[in-house]
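In: My questions are about this predicted structure, shown below with the sequence.
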Amino acid sequence: MTSPQFKLPNSATPYPESYVQAKDTRLLMARAGANDMLYAEGQGPLFQELEGVVEQNVKICPLTSDNRRIVNRHLPFTRPSAFGREHATLGLGDRLGLCSDAHLQAVKGHPIKPILAQQSIRELTLMHRNYDQVMDAAAWSVLRNGWHEGWGADGDHLKQDEEVAMALRAGCTMITLDCSERLGKKPDQAEAVGDFRALPEDLRERFIGDYLQQTDARGLDLIFTEESLAEIVAVYWPAVEFAVHIWFELLEGAGRAMDYEISLDETLATTPPAAHYFVANELTKAGVSYTSLAPRFVGEFQKGIDYLGDLDEFSEDFVAHAKIADAFGHKISVHSGSDKFLIFPLVGLHTANRFHLKTAGTSWLEGVRVLARLEPALYRRLHARALDTFEDASAYYQVKADLSKIRPLSSVDDSELPLYLTEEDSRQLLHITYGLLFDDPQLASAMMTAFGKHKSAYDAGLASHIRKHITCLGL
């Protein structure tokens, strides 16, 4: 609740849950016209450091990155945290910078930690944003909602040293290392064995001792032959070397606790359990404190739609990976996790709710659903542009959408437009074209204005949709 001593301009509408006192300074966020502002009253270092204009002893502060960093220093709950291996965590990518309020509503009361600031370099590039803006949106939402339960910030799908360094400078507490460019191509068997035998003798002999001479690795009944081990080394050893390098060169000395995720999923080839074991074992032997690992599971994890594949086959595959994760103590991570309701019960069950799940595009789609319902003319504009840009967007994302199956806009009444958000082909069309929609300045401005106008509806729909994810996971 707000302090009776706190004086706001008559035009400002306070967010009561944001009120907090930090030593001699009182803070409150409020809506002033079209913008949220931070109001500070009192004295002391926090009051003095904040940038703003003083009116009647109240400092009115814009929600800038500099002010966010000042608040971060004085109010630890506004800083992101690392959660380690024991907590279930949910990645909640917010491409628009508008979704964290709804994300916090969704996770409230559930035993899962939100990773609010989750963004890949691809998403930043497509949306013309940077990590400071991503952190700003999440941290100000945390303060606005009075959220003291902890939250994380993930530099998602990073592939290069400089990308990791940039995310660390921005304050990320989780790094998802995308090893797709370091995974070797599967060689033919003879070539793999020849390359294996040509390895430096000490490395080859260690591999033989650690894998070929074991028949029951950590109780997992994994049997390695020279042929299978040679193939695994050819494909996965370069990724292991890269992950070790990133840990010791950049993460170990970051000066704060870090969650480190190793992503092996951005490939068409599934990750054999024996390869998962090899990567986990090599990281452990090297002294890398990794938190989670994302295999490429059987079946298809297409964007914006449910799991495609045989559930029995997925369950058998997932159980094998979950046992390896349990043996090493790390979490299993499920990428492209939006809307995969068919497999969520299996994920929760077989990990005993110790997992990481990434979502992002589904939060954008819930916003589009609101536009389809409440702004039909605007929806028709964005849908038409999505059709025009789909081929270009397909360079960034692999989806199965068949545009010929999407009903023409001219044949759909306004009242039926939300149905596009329930059909697989049109969901994927709208999912992957977001960045190219925002390349049209007029369309981008109109969409952001509409999202702001209908924020209550957007928040309610998105919170409900994310809660459905959490419920299906067994949480």
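Out: That came through fine.
In: for the residue in the chain sticking out farthest from the centre, what are its contacts?
Out: Distance from the C-alpha centroid of the chain peaks at residue 56, with 42.3 Å (C-alpha atoms, centre = their mean). Counting by C-beta atoms under 8 Å, 6 or more residues apart in numbering, residue 56 touches residue 7. The C-beta positions use only the backbone N, C-alpha and C, and glycine is treated the same way.
In: at 6 Å what do you get?
Out: Residues near residue 56 by C-beta atoms under 6 Å, 6 or more residues apart in numbering: none.
In: where along this structure do the strands fall?
Out: Under the criterion DSSP state E, the chain contains strands at 12-14, 20-22, 25-32, 35-42, 53-55, 58-61, 89-92, 113-120, 152-158, 174-178, 259-263, 292-294, 331-334, 355-359.
In: contacting residues for the closest residue to residue 292 other than its chain neighbours?
Out: Among residues not flanking residue 292 along the chain, residue 331 sits closest, at 4.0 Å (C-beta to C-beta, 6 or more residues apart in numbering). By C-beta under 6 Å, 6+ apart, the residues touching residue 331 are 85, 292, 354, 355, 356.
In: mind listing what's buried in stretch 50-65?
Out: For stretch 50-65, the neighbour count (16 or more other C-beta atoms under 10 Å) marks 50, 52, 58, 59, 60, 61, 63, 64 as buried.
In: That one - what's its average pLDDT?
Out: Mean pLDDT, computed over stretch 50-65, is 95.
In: That stretch: how far from the chain's middle?
Out: 32 Å (C-alpha atoms, centre = their mean, to the nearest Å).
In: First-to-last residue distance for it?
Out: 11 Å (C-alpha to C-alpha, to the nearest Å).
In: repeat for stretch 83-99
Out: End-to-end distance (C-alpha to C-alpha), stretch 83-99: 21 Å.
In: same deal with stretch 42-55?
Out: 12 Å.
In: So what touches it?
Out: So stretch 42-55 is contacted by 22, 23, 24, 25, 26, 40, 59, 60, 61, 67, 70, 74 (C-beta under 6 Å, 6+ apart).
In: need the contact list for the third one.
Out: With C-beta under 6 Å, 6+ apart as the criterion, the residues that contact residue 24 are 42, 43, 44.
In: Domains in the protein, by residue range?
Out: Using automatic domain parsing, the domain parsing of the chain gives 12-74, 362-470.
In: So which of those is nearest residue 127?
Out: Ranking those by proximity to residue 127 (C-beta to C-beta) places domain 362-470 first, at 6.0 Å.
In: rewinding a little: tell me which of the strands of the chain lies nearest to residue 454.
Out: Residue 454 sits nearest to strand 25-32 of all those, at 15.4 Å, using C-beta to C-beta.
In: Check which residues of that closest one are buried.
Out: 25, 26, 27, 28, 29, 30.
In: Hmm, the fourth one is touching residue 19, no?
Out: Yes. Residue 28 is in contact with residue 19 according to C-beta atoms under 6 Å; the separation is 4.9 Å.
In: Residue 352: neighbouring residues, count only.
Out: Residue 352 has 11 neighbouring residues, counting by other C-beta atoms under 10 Å.
In: any idea how far it is from residue 323?
Out: Look at residue 352 and residue 323: by C-beta to C-beta, to the nearest Å, they are 12 Å apart.
In: Need the pLDDT of the closest residue to residue 418 other than its chain neighbours.
Out: Of all residues not flanking residue 418 in the chain, residue 372 sits nearest, at 4.5 Å (C-beta to C-beta, 6+ apart). Per-residue pLDDT puts residue 372 at 98.
In: Now do the same contact list for residue 372.
Out: 379, 417, 418.
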